[in-house]
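In: Next one to model:
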Amino acid sequence: DDWGKLRRVLQYLKGTRHMKLTISVDSLNILNWWVDASYNIHEDCKGHTGLILSMGKGGVASGSWKQKINVRSSTEGELVGLDDCLPLIL
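Out: Numbers count the residues shown, from 1 in each chain. Predicted coordinates for the structure are as follows:
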């Protein structure tokens, strides 16, 4: 149930208001990108891709979207996810 999930997230955020979000930069010359994909999670059997950019501690940019094609394995899903993210990274 989506309302239950939303309620749980809001309860978590309310309970962690006192915690500080810390973002820092180690070096302006080093960008760390992480890309991950999930296999066959949508109703039409397509995967999902996400990426995040960090320059030290904490993420400064992120994205997440449904993959455009169906794949036959989780490894192929990871490759499709990386291919989808490369234009953003480069």
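
In: If you drop the residues flanking it in sequence, what lies closest to M55?
Out: Nearest residue to M55 in three dimensions, chain neighbours excluded: V25, at 4.7 Å (C-beta to C-beta, 6 or more residues apart in numbering). Any C-beta I mention is one placed from the backbone N, CA and C, and that applies to glycine too.

In: ok, which stretches of the protein are strands?
Out: Using DSSP state E, the strands of the chain run over 24-25, 32-38, 48-54, 56-57, 59-66.

In: residues in contact with H42?
Out: Under the criterion of C-beta atoms under 8 Å, 6 or more residues apart in numbering, the contact list for H42 reads H48, K66.

In: quick revisit: let me know which of the strands of the chain is the nearest to L79.
Out: Nearest to L79 among the strands of the chain is strand 32-38; the distance by C-beta to C-beta comes to 8.4 Å.

In: Put the alpha carbons of the longest helix that the chain contains into CSV.
Out: The helix that spans the most residues within the chain, counting by DSSP state H, is helix 74-89. Taking C-alpha atoms only, helix 74-89 is exported to CSV below (Å, rounded to 0.1, in the frame of the first residue of the first chain):
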residue,chain,number,x,y,z
SER,A,74,20.8,-8.7,-14.5
THR,A,75,24.2,-8.3,-16.0
GLU,A,76,22.8,-7.0,-19.2
GLY,A,77,20.6,-4.6,-17.1
GLU,A,78,23.7,-3.2,-15.5
LEU,A,79,25.3,-2.6,-18.9
VAL,A,80,22.1,-0.9,-20.2
GLY,A,81,22.0,1.2,-17.1
LEU,A,82,25.7,2.3,-17.5
ASP,A,83,25.0,3.0,-21.2
ASP,A,84,22.0,5.2,-20.3
CYS,A,85,24.1,7.1,-17.7
LEU,A,86,27.3,7.8,-19.8
PRO,A,87,25.9,10.9,-21.6
LEU,A,88,25.3,12.5,-18.2
ILE,A,89,28.7,11.4,-16.9
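
In: What separation is there between the residue nearest the centre of the chain and N70?
Out: Closest to where the C-alpha atoms of the chain average out (C-alpha atoms, centre = their mean) is G50, at 3.3 Å. According to C-beta to C-beta, to the nearest Å, G50 stands 18 Å off from N70.
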